[in-house]
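Peer 1: Have a look at this fold, sequence not included:
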């Protein structure tokens, strides 16, 4: 893992003159994806990604057969400038089909990577060319969208960063990208479920019910029975003690880009000895940072946070959920001059922590303005009863769900009502949305996201978006077992 250190006095000049995105500087997480060819007269930057199987060591003695992009887990970081045009060639060297979805990026519909909707699956030995302009700016990621549950579980995910055309409102001196993931290797004890989300962290009736479920051991009747037995947790493809330490210097403002690539688990990220300040939700900036003890991150969510390195020593950055640190989800944060120090063991549990929740943030209005009609939809999420793997929207299972039929420019409001016993991180392809209300409480200033976690046990979320990107777009739960069980609809924008 590498990081970037920028003196405060010339940070902005560095970003401008060094051409951070064009030069392709990897800032932690995974190595940079080297362009196959730099942008030429056409102004299009070319990149090659190869999907192939590779033996990958999660931790000493724990070797798996992974699916990888360019031979690594997570795949290489792609770093672009806002508005830059990129042409990415996927070469499939797997023994089965695959595709790539550019999560959180407003790509043209044919570039969205959904087999059977926007493209044919890329067969073994074939290539497919994705071309799009890099928008909107922020922490994005890319991942498979074919047999997603198995292929993401085996490693097909990676960071994608789009640097803003204007200076970022929250500066930093050093930056790391951390991709969080869960693995079912069969080599350890299965971890407690986090299927109900953060169990009360967002202050909902659903959260309180979820908390009761946890006190009862998490085995509440009606949970879907198809989830693998996850036993290993990784940060950037490695489980502790194989995680690479994060090095900092006293006085620095350190930015962490957190990406939850897990298929199932919610992670609650904490840094011992420090508080975290949330600055971006799914890559979109807040008006001002929100300081908390820890940050819950549902599957597919991203948060940018920073901390001030004002407590020299060695500390663990870790997931506070029960069993996660011991399963590998911890990494040492080591101050300069304290390289030989061993951090104190993580303290598990989230009960007494000040946690991030959607209502704490005040978002910036960065979305397209509406110019058409206003449309509203109520979507009831259900399923998973008595161990079933069927998951529904308004009682129907995709492809029989009713699509959202829209026209370009429409203002669209959607209310999710979750009648199931599991939380659902609902993700919209092709455009982002505002989160207006959570569990009946309106947000003071809507935050902007592309995935929103809807609490279990009667939780609700209201969102709004402008249908600005024409095409047929997946709108689904980002827990792949729920998506494959039918919790998908289409936003059809004419």
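Peer 2: Looks like it arrived, so ask away. Just so you know, these numbers come straight off a predicted model, no measurement behind them. Numbers count the residues shown, from 1 in each chain.

Peer 1: who touches residue 153 in this structure?
Peer 2: Counting by CB atoms under 8 Å, 6 or more residues apart in numbering, residue 153 touches 182-184, 228, 263, 480. Every residue, glycine included, has its C-beta placed from N, CA and C.

Peer 1: what helices or strands is the helix or strand encompassing residue 256 leaning on?
Peer 2: Counting by DSSP states H and E, the element that carries residue 256 is strand 253-260. When contacts are defined as 3 or more CB pairs under 8 Å, 6 or more residues apart in numbering; DSSP states H and E, strand 253-260 sits against strand 138-143, strand 157-163, strand 174-183, strand 294-297, strand 302-308.

Peer 1: Which parts of the stretch 201-350 of the chain are strands?
Peer 2: When assigned using DSSP state E, counting those that start in this stretch, the strands of the stretch 201-350 of the chain occupy the ranges 232-235, 246-248, 253-260, 267-271, 276-281, 284-292, 294-297, 302-308, 314-319, 330-335.

Peer 1: Repeat that for the stretch 1-150 of the chain.
Peer 2: 4-5, 44-59, 62-69, 78-81, 85-92, 101-103, 127-133, 138-143.

Peer 1: thinking again about what came up before, so for residue 239, which of the helices and strands packed on strand 253-260 sits nearest?
Peer 2: Closest approach to residue 239 among those (CB to CB): strand 174-183, 8.0 Å.

Peer 1: Give the buried residues for that closest one.
Peer 2: For strand 174-183, a neighbour-count test (16 or more other CB atoms under 10 Å) marks 174-183 as buried.

Peer 1: pretty sure residue 146 contacts residue 101?
Peer 2: No. Using CB atoms under 8 Å, residue 146 makes no contact with residue 101, being 9.4 Å away.

Peer 1: quick one: which of these two has more around it?
Peer 2: residue 101 (25 against 22; other CB atoms under 10 Å).

Peer 1: Now do the more buried one, the pLDDT please.
Peer 2: What the model reports for residue 101 is a pLDDT of 98.

Peer 1: Residue 150: how many residues sit nearby?
Peer 2: By the other CB under 10 Å criterion, the neighbourhood of residue 150 contains 16 residues.

Peer 1: One more: residue 385?
Peer 2: When neighbours are defined as other CB under 10 Å, residue 385 has 14 of them.

Peer 1: ok so, going back, between the strands of the stretch 1-150 of the chain, which gets the lowest average pLDDT?
Peer 2: Ranked by mean pLDDT, the strands of the stretch 1-150 of the chain end with strand 4-5 in last place, scoring a mean of 48.

Peer 1: ok so, going back, any idea which of the buried residues of strand 174-183 is the one closest to residue 285?
Peer 2: residue 175 (15.1 Å).

Peer 1: correct me, but that closest one touches residue 252?
Peer 2: No. The pair residue 175 / residue 252 is not scored as a contact, 10.2 Å apart, by CB under 8 Å.

Peer 1: Farthest-apart pair in the buried residues of strand 174-183, please.
Peer 2: The largest separation in those, counting by CB to CB, is between 174 and 183 at 28.3 Å.

Peer 1: And the pLDDT for residue 215?
Peer 2: 36.

Peer 1: How about the one 10 residues further on?
Peer 2: The predicted local distance difference test score for residue 225 is 49.

Peer 1: With residue 395 instead?
Peer 2: We have a pLDDT of 98 for residue 395.

Peer 1: The one 10 residues further on too?
Peer 2: In this prediction, residue 405 carries a pLDDT score of 98.

Peer 1: Ok, the one 3 residues further on next?
Peer 2: In the predicted model, residue 408 carries a pLDDT score of 98.

Peer 1: Kindly report the same for the one 3 residues further on.
Peer 2: Per-residue pLDDT puts residue 411 at 98.

Peer 1: picking that back up, residue 323: which of the helices and strands packed on strand 253-260 is closest?
Peer 2: Ranking the helices and strands packed on strand 253-260 by proximity to residue 323 (CB to CB) places strand 174-183 first, at 11.3 Å.

Peer 1: Pairing partners for the closest one, with directions?
Peer 2: Strand 174-183 has its sheet partners listed here by DSSP bridges as strand 4-5 (antiparallel), strand 232-235 (antiparallel), strand 253-260 (parallel).

Peer 1: Of all those, which one comes closest to residue 379?
Peer 2: Closest among the strands paired with strand 174-183, once you apply CB to CB, is strand 253-260, at 22.6 Å.

Peer 1: and that closest one with strand 267-271, angle?
Peer 2: Orientation of strand 253-260 against strand 267-271 (axes from the mean of the first three to the mean of the last three CA atoms, to 10 degrees) gives an angle of 160 degrees.

Peer 1: Numbering from 39 from now on, please.
Peer 2: Let's use 39 as the start, then, which means that last one is strand 291-298.

Peer 1: I'd like to check the angle between strand 291-298 and strand 314-319, please.
Peer 2: Using the same axes, to 10 degrees, the direction of strand 291-298 lies 60 degrees away from that of strand 314-319.

Peer 1: For strand 291-298, the averaged confidence score.
Peer 2: So the average pLDDT for strand 291-298 ends up being 98.

Peer 1: quick one on the thing from earlier: format the strands of the stretch 39-188 of the chain as TSV; extra columns: distance to residue 499.
Peer 2: Listed next are the strands of the stretch 39-188 of the chain as TSV, based on distance: least, CB to CB, whole Å:
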stretch	distance to residue 499
strand 42-43	35
strand 82-97	33
strand 100-107	32
strand 116-119	30
strand 123-130	32
strand 139-141	19
strand 165-171	28
strand 176-181	21
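
Peer 1: So for residue 354, which of those sits nearest?
Peer 2: If you check each of the strands of the stretch 39-188 of the chain against residue 354 by CB to CB, strand 82-97 wins as the nearest, at 15.8 Å.

Peer 1: relative orientation of that closest one and strand 100-107 in degrees?
Peer 2: 170 degrees.

Peer 1: List the buried residues of strand 82-97.
Peer 2: Buried, per 16+ other CB under 10 Å, within strand 82-97: 83-89, 91, 94, 96-97.

Peer 1: packing partners for it?
Peer 2: When contacts are defined as 3+ CB pairs under 8 Å, 6+ apart, strand 82-97 packs onto strand 100-107, strand 123-130, strand 270-273.

Peer 1: With respect to burial, which of the ones you listed scores highest?
Peer 2: Burial of the helices and strands packed on strand 82-97 is given as mean neighbour count (mean count of other CB atoms under 10 Å); strand 270-273 ranks first at a mean of 26.
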